[in-house]
Each structure stands twice: as C-alpha cells, then as structure tokens.
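K.L.:
got a predicted model here, sequence first, then my questions.
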Amino acid sequence: MKIMVCGGAGYIGSACTEYLLDNGHEVVVFDSLVTGHEAAIDPRAGFIKGDLGNRDLLMQSVKDGQFEAIMHFAAFSLVGESMQDPGKYFRNNLCNAINMADAAVAGGVRTIVFSSTAATFGEPDEIPIRETTTQCPINPYGESKLCFEKVLYWYNKVHGLQYAALRYFNAAGATENFGEDHNPETHLIPIILQVAQGKREKIMIYGDDYDTPDGTCVRDYIHILDLAQAHMLALNAPESGHYNLGTGNGLSVKEIIEAARKVTGHEIPAEIAPRRAGDPPRLIACSDLIKKKLGWQPQFEDAETIIESVWKWIQKNPDGYDD
Ligand code: UFG
C-alpha cells in the first residue's frame with residue numbers, strides 16, 4: 001500500500017515507518033520536525049516537511065500522493081505539559097488531526113490508523129482494561145485523544161472513512177536503527193538508562209505508597225515493533241474498530257529498575273520521591289480483541305528483552321540523534 005505517516009520522524013512513527021517499508025509498503029513521512037528528528041526518518045521513505053496545522057499543504061499533499069492509508073503519530077504526548085497548557089494539546093491533537101481527517105476524505109484515502117492511548121481511560125474502574133471499560137480521561141492529553149476517537153467514529157458514519165484507533169499502553173523499546181530521543185525526557189526506561197550511562201546520578205521513584213504489590217506504579221510496557229505490527233494489521237482490518245494494545249503483563253517501577261540493573265550490570269541507584277500528579281496506580285491492558293480480530297501477537301513479552309533493545313540502541317547512539 002501507499003501510506004502517509006504523519007509524525008514519521010518521532011519515536012513510534014519512525015519505527016513503524018521502518019517496519020512498513022521492511023514489509024513492502026511505500027511510505028511518505030509528513031512531519032513538522034517540531035519534536036521529531038530528521039535523522040529518524042527512514043531514508044527509504046519520502047518526506048514532506050509540514051505541520052498538520054497547514055491545511056492547504058496537507059490537502060494538496062494527500063491529493064497528490066494518492067494514499068490508500070494515513071497513519072497518525074503526530075501528537076503531543078506529555079501528560080504534565082497538557083495540564084499546564086491544554087490549548088496546545090487540543091489544537092494539535094484534535095484540531096490539526098481533523099485537518100488530516102478532512103484531507104483523507106477529500107483525497108479518497110480508505111483508512112486511518114490512529115495512535116490513541118491508555119490515557120483515554122483515566123483511572124479505570126477495572127483491570128485489565130478492555131475496549132468496553134469506561135473512558136474517563138483525567139488530563140487534557142487523554143481527553144484530546146478521546147475527542148479524536150469520536151471524530152473518527154463520526155467521519156466513518158458520515159463519510160465512510162475507515163479507521164482503527166490503537167490505544168497504546170506504555171510504548172517502549174527500540175529497533176536496530178530507531179529509538180527514543182525526547183527533549184526533555186520524562187519516560188521511565190530512558191531515564192533509568194541515562195543513570196546507567198552516567199548521565200544522571202540516580203532514578204527518582206515517584207511514590208512507593210500506592211496500592212500495588214511493592215507500592216510503586218504498575219504499567220504495561222509494549223515494544224514499538226509490536227505496535228508497528230498492530231498498525232500494519234490494522235491496514236487490512238475488515239471494519240473500523242478500537243483496540244487496546246499491551247502485553248497484559250503489569251510491571252512495577254521497581255521491577256523495571258531491577259530488570260535494567262540485570263541488562264546493564266550497573267547498580268542504578270534509586271531514591272523514593274513524592275508521587276507525580278496524575279499517575280494512576282495500575283494500567284494493564286487486555287488485548288484479546290486485537291488478537292482475535294486481527295491476529296496480532298506480541299513478540300516482546302518480558303521487560304529484560306525490551307530494555308535490552310533500548311540499551312543496544314543507546315550504545316550506538318549515546319547522545320540520541322545528535323541533531
Ligand atoms: N516514573 C518514575 N520516575 C521517573 C519517570 C517515571 O518513577 O523518573 C514512573 C511514573 O511515575 C509512572 C511510571 O514510571 O508510574 C511510568 O512513567 P512514564 O512517564 O514512563 O509513562 P506514563 O505511564 O506516565 O505515560 C505513558 C505515556 C503516555 C500514555 C501512558 C499510557 O507517556 O503518553 O503511558 O499508559 F498515555
């Protein structure tokens with residue numbers, strides 16, 4: 001298929017672009033490079049430097065490209081920042097994403113694969129979290145993603161635009177060529193590995209008094225190549241749908257630190273710090289639906305393998321993309 005990947009210079013978009021190209025698809029990346037890196041764009045892909053806020057450029061690019069599908073990774077994703085500046089999140093993650101949906105309709109695109117998030121569930125009323133679990137976001141980031149899920153639902157009803165909304169749990173890991181390089185970095189695994197690299201003195205554990213087995217927050221870490229596999233399967237889904245994407249294994253902050261110690265051989269000093277605002281105690285996915293409907297099967301099920309892939313990428317790219 002010929003696919004436009006919006007946000008293909010970002011962490012998950014770059015890995016997904018590589019995976020699509022490896023599997024014989026043709027890809028054009030559309031990215032503003034505001035948070036992405038030019039060096040993260042697979043050299044086999046086409047590239048249009050543009051912002052989804054530039055409606056004319058987007059409309060023209062989609063029309064000219066004759067794409068069969070568009071994938072949307074081009075969002076802001078920092079929960080804390082969204083609590084400081086909700087407008088930034090609704091403008092980009094909702095308004096600009098609507099530009100993309102309009103361009104898809106006008107350009108005759110068949111399907112959109114959208115990066116949604118576990119943050120649409122807020123503090124869930126059941127674990128594991130199913131597609132039917134009540135969605136009640138507790139921050140503007142999660143709300144902006146939920147709003148666009150609803151936009152897609154109505155564009156499907158009204159315009160017949162097919163879609164898959166993939167609700168990622170905690171994206172992690174790296175491929176041989178592409179990894180995570182955020183500025184500032186807020187995610188647990190890259191920060192832990194910065195300690196092992198000697199770039200930080202210690203890892204701060206945000207709270208050890210949660211109602212979880214060891215008192216630290218539990219998350220469902222999913223490798224970006226498993227996310228990429230889900231995106232490719234979604235291209236051929238017979239109907240539109242929403243899918244939760246995790247491994248179903250809940251791992252605590254302390255368990256992740258322990259796994260990183262094993263992988264790196266570094267002692268990784270840790271210190272307990274106050275809770276971080278807005279952190280739900282446990283987020284674990286039930287991904288039976290996507291396994292059953294689309295045949296998705298995660299390949300990376302344990303923390304050490306996921307962390308190993310990141311550690312390998314960091315050895316090759318100690319300062320990230322260097323741009
Ligand atoms: N944590 C620490 N110390 C740190 C960084 C994180 O203890 O230095 C803890 C957090 O408090 C949390 C866990 O590690 O309990 C994971 O934190 P991350 O920041 O890595 O990830 P989040 O679970 O906060 O959020 C991620 C994405 C969101 C997405 C969410 C869905 O960043 O965009 O997963 O589960 F919505």
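P.N.:
Cool, got the structure. Residues are numbered from 1 along each chain as shown.
K.L.:
who touches the longest helix belonging to the chain?
P.N.:
Criterion DSSP state H: the longest helix present in the chain is helix 140-159. Defining contact as CB atoms under 8 Å, 6 or more residues apart in numbering, one finds that helix 140-159 is touched by 75-79, 81-83, 86, 89-90, 92-94, 97-98, 101, 104-105, 112, 114, 116-117, 119-122, 135, 137, 161-163, 165, 240, 242. C-betas here are computed from N, CA, C, even on glycine.
K.L.:
quick check: which element contains the residue in the chain sticking out farthest from the centre?
P.N.:
Here the chain has its C-alpha centre computed as a mean, and the residue farthest from that point, by CA atoms, centre = their mean, is E267 with 29.1 Å. According to DSSP states H and E, E267 maps onto no helix or strand at all.
K.L.:
residue contacts, it?
P.N.:
Residues touching E267, when contacts are defined by CB under 8 Å, 6+ apart, comprise R261.
K.L.:
how about V113?
P.N.:
The neighbourhood of V113, defined by CB under 8 Å, 6+ apart, consists of A69, I70, M71, H72, Y163, A164, L166, H231, A234, L235.
K.L.:
of the residues you listed, which belong to strands?
P.N.:
In this view, the contacts of V113 that belong to strands under DSSP state E are A69, I70, M71, H72, Y163, A164, L166.
K.L.:
and of the contacts of V113, the nearest to the ligand?
P.N.:
Sorting the contacts of V113 by distance to the ligand puts L166 at the head of the list, at 12.1 Å, by CB to the nearest ligand atom.
K.L.:
that closest one reaches H231, doesn't it?
P.N.:
Yes - applying CB atoms under 8 Å as the test, L166 and H231 come out as touching, 6.8 Å apart.
K.L.:
of those two, who's got more company?
P.N.:
More crowded of L166 and H231, by other CB atoms under 10 Å: H231, with 26 against 23.
K.L.:
what number of residues lie near K2?
P.N.:
K2: 14 surrounding residues under other CB under 10 Å.
K.L.:
nearest residue to it in space, please, no chain neighbours.
P.N.:
Distances taken as CB to CB, 6 or more residues apart in numbering put E26 closest to K2, at 4.6 Å, once the chain neighbours are dropped.
K.L.:
what's the distance between that neighbour and the ligand?
P.N.:
Distance of E26 to the ligand, given as CB to the nearest ligand atom, to the nearest Å: 29 Å.
K.L.:
quick one: contacts for L227?
P.N.:
Under the criterion of CB under 8 Å, 6+ apart, the contact partners of L227 comprise I12, A15, C16, L166, Y168, A171, L245.
K.L.:
do that again at 10 Å, thanks
P.N.:
By CB atoms under 10 Å, 6 or more residues apart in numbering, the contact list for L227 reads 12, 15-16, 19, 73, 115, 166, 168-169, 171-173, 245, 296, 298.
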